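# need a 3D model of the sequence below.
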Amino acid sequence: MSAWLANLVGVAVIGFIVWWFWLSTPKAQTVAGGLPVDILVDAGVYTPARIEVAAGKPVTLRFLRKDPSPCAEQVRFDDLGISAELPIGKPYTVTLTPAAGEHEFTCQMRMYRGMLVAR
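Just a heads-up that it's a prediction; the model follows:
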């Protein structure tokens, strides 16, 4: 009986990990024109992790890294060709003009994930 319980717990943990890293969709934060968006980098996540902006207009993202892990050192917008090193405890600003669509941003290991949605 204990082997069945151990297997069941293992499957549940694997399911949670799959949901957390690949299937969950965070609540979106909509940005009013011209205001910077503060994004906290801590505890394995970007907060907020989903940001909605106007397409074709400049947007300023201000990342504040509190997580000292090596995974949090960098933020990448691969489809936009943007990559930036994030210092610990100091805001780092990224300004971009996104085309319409969804633009994923991640750490270099793709464990921290966020989405910039331009409409």
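# over to Asp79: give its phi and psi.
Phi and psi for Asp79, reported as degrees, to the nearest 10, are phi -70, psi -20.
# thought it was touching Glu104?
Yes. Asp79 lies in contact with Glu104 (Cβ atoms under 8 Å); the separation is 7.1 Å. (C-beta placed from N, C-alpha, C; glycine too.)
# can I get the helix or strand where Val75 lies in PDB? Just the C-alpha atoms.
According to DSSP states H and E, Val75 maps onto strand 74-77. The C-alpha coordinates for strand 74-77 follow below in PDB (Å, rounded to 0.1, in the frame of the first residue of the first chain):
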ATOM      1  CA  GLN A  74      19.100  37.800 -17.300                       C
ATOM      2  CA  VAL A  75      15.800  38.600 -19.000                       C
ATOM      3  CA  ARG A  76      15.400  37.700 -22.700                       C
ATOM      4  CA  PHE A  77      12.800  38.600 -25.300                       C
END
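# and it, what's buried?
Within strand 74-77, the residues that qualify as buried are 74-77, counting by 16 or more other Cβ atoms under 10 Å.
# list of residues touching that strand?
41, 63, 82-86, 94, 96, 103-108, 112, 116 (Cβ atoms under 8 Å, 6 or more residues apart in numbering).
# can you turn the buried part of those into a PyMOL selection?
Buried residues among the contacts of strand 74-77 (16+ other Cβ under 10 Å), as a PyMOL selection:
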select buried, resi 41+63+84+86+94+96+103+105+106+107+112+116
